[in-house]
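Colleague: what's the 3D shape of this:
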Amino acid sequence: MAHCPSGTSGRGRFVFYGGHRPGQHLRPSSTNGPARACTAVFRHVLKPGQPYLRTVRLRHDGDFKTDLEKDWAAITSDEYFLADKPGYIWIGTTAWFTAQDQYVAGQGSLTVRLLGTLPIVQGSGPAYNQGELLRWLAEAAWFPTSLLPGGRVVWSPVDDHSAMLTLTDHGLTVSCLMSFNENDELVRCQAQRQSDATHFQAWVCRLFDYREIHGLLVPTQGGAAYVIDGEEKPYARFVLRDIAYDQPYAY
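Modeller: Sure thing, here's the model as predicted:
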């Protein structure tokens, strides 16, 4: 066992057939570990007896940049997650395009359609597999039972306010430096995100404004950025509008 050491109808089917752990609930021992950063966050955001989550659906809106040098564009999106193993489908819509970002059965991909019909971006392959798995890992703050130590998840303490989180899925391993605030909330995830076959780019996801929803403390605002010459260049910022657990059907 790993440890903490010293939408459309297609979207609906994706969610419905997620795996599950029927009858399993969180026990206090599930959050134990020798380092504060590995344990305090779970004791803060989860309650004893919390069921292990299986699926998640959410809606958020905000702003997005198709290029770091371009202006912000308003975006609304629906997202569907598997919570007991990596997997998600995200559908974002702006005035000009619709995008679908996903990680399904170990395969990541991105499709962008102009006015919802004409494909202008169709990406897949190893860089997308790595990038989309990292995205699932960072966004698991919305379904924190997925981040508990064990199985495919390994926490390696760095100090009292940060730890390295490593996830393995379908033979692919990714790592993210997770940072916590004084309230034991996950507020920053940093990783090297693959941009092509040989290059990686520093990538940061920020999370804040935690609120209790359905018995869990989850972030309701956040954003993502690339780090270029030591400076964060944001390309996404969002506000959570709705989230539901174990309701296996599309919006």
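
Colleague: Please identify which helix or strand holds the nearest residue to residue 242 once chain neighbours are set aside.
Modeller: Spatial nearest neighbour of residue 242, excluding adjacent residues (CB to CB, 6 or more residues apart in numbering): residue 59 at 4.4 Å. The way it works is simple: take the backbone N, C-alpha and C, and place the C-beta from them, glycine included. Under the criterion of DSSP states H and E, residue 59 resides in strand 55-64.

Colleague: So residue 100, which state does it fall into?
Modeller: Secondary structure, DSSP: H, G, I helix; E, B strand; the rest coil: residue 100 is strand.

Colleague: that older thread, tell me which residues of the helix or strand following the strand holding residue 59 come out buried.
Modeller: Where DSSP H and E defines the elements, the next helix or strand beyond strand 55-64 is strand 73-82. When neighbours are counted by 16 or more other CB atoms under 10 Å, the buried residues of strand 73-82 are found to be 75, 77-82.

Colleague: Show me the strands in the stretch 51-200 of the chain, by range?
Modeller: Remark: strands of the stretch 51-200 of the chain, listed N- to C-terminal, are 55-64, 73-82, 88-93, 97-104, 107-114, 118-124, 153-159, 162-169, 172-180, 186-194, 200-213; assignment by DSSP state E, counting those that start in this stretch.

Colleague: Alpha carbons of the shortest one, in CSV - could you do that?
Modeller: Taking Å, rounded to 0.1, in the frame of the first residue of the first chain, the C-alpha atoms of strand 88-93 are listed here in CSV:
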residue,chain,number,x,y,z
TYR,A,88,-12.8,13.5,-15.9
ILE,A,89,-14.5,15.4,-18.8
TRP,A,90,-14.6,19.2,-18.9
ILE,A,91,-16.7,21.2,-21.3
GLY,A,92,-16.1,24.9,-21.5
THR,A,93,-18.1,27.4,-23.7
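
Colleague: How far away from the center of its chain is that strand?
Modeller: In this view, strand 88-93 has its centroid 12 Å away from the chain centroid, taken as CA atoms, centre = their mean, to the nearest Å.

Colleague: who does it touch, helix- and strand-wise?
Modeller: Strand 88-93 makes packing contacts with helix 9-16, strand 73-82, strand 97-104, helix 126-139 when contacts are defined by 3 or more CB pairs under 8 Å, 6 or more residues apart in numbering; DSSP states H and E.

Colleague: for the ones you listed, which one sits closest to residue 212?
Modeller: helix 126-139 (18.4 Å; CB to CB).

Colleague: what helices or strands is that closest one leaning on?
Modeller: Under the contact criterion of 3+ CB pairs under 8 Å, 6+ apart, helix 126-139 touches strand 73-82, strand 88-93, strand 97-104, strand 107-114, strand 162-169, strand 172-180, strand 186-194, strand 200-213.

Colleague: Please find the angle between the direction vectors of the last one and helix 126-139.
Modeller: Looking back up the chat, that one is strand 200-213. For strand 200-213 and helix 126-139, the angle between their directions (axes from the mean of the first three to the mean of the last three CA atoms, to 10 degrees) works out to 30 degrees.

Colleague: Any chance you could list what contacts whichever helix or strand comes after strand 200-213?
Modeller: Towards the C-terminus, the helix or strand next in line after strand 200-213, according to DSSP H and E, is strand 216-228. Residues outside strand 216-228 that contact it (CB atoms under 8 Å, 6 or more residues apart in numbering) are 44-46, 50, 62, 68, 138, 141-144, 185-186, 190, 193, 201-211, 213, 232-240, 243, 245.
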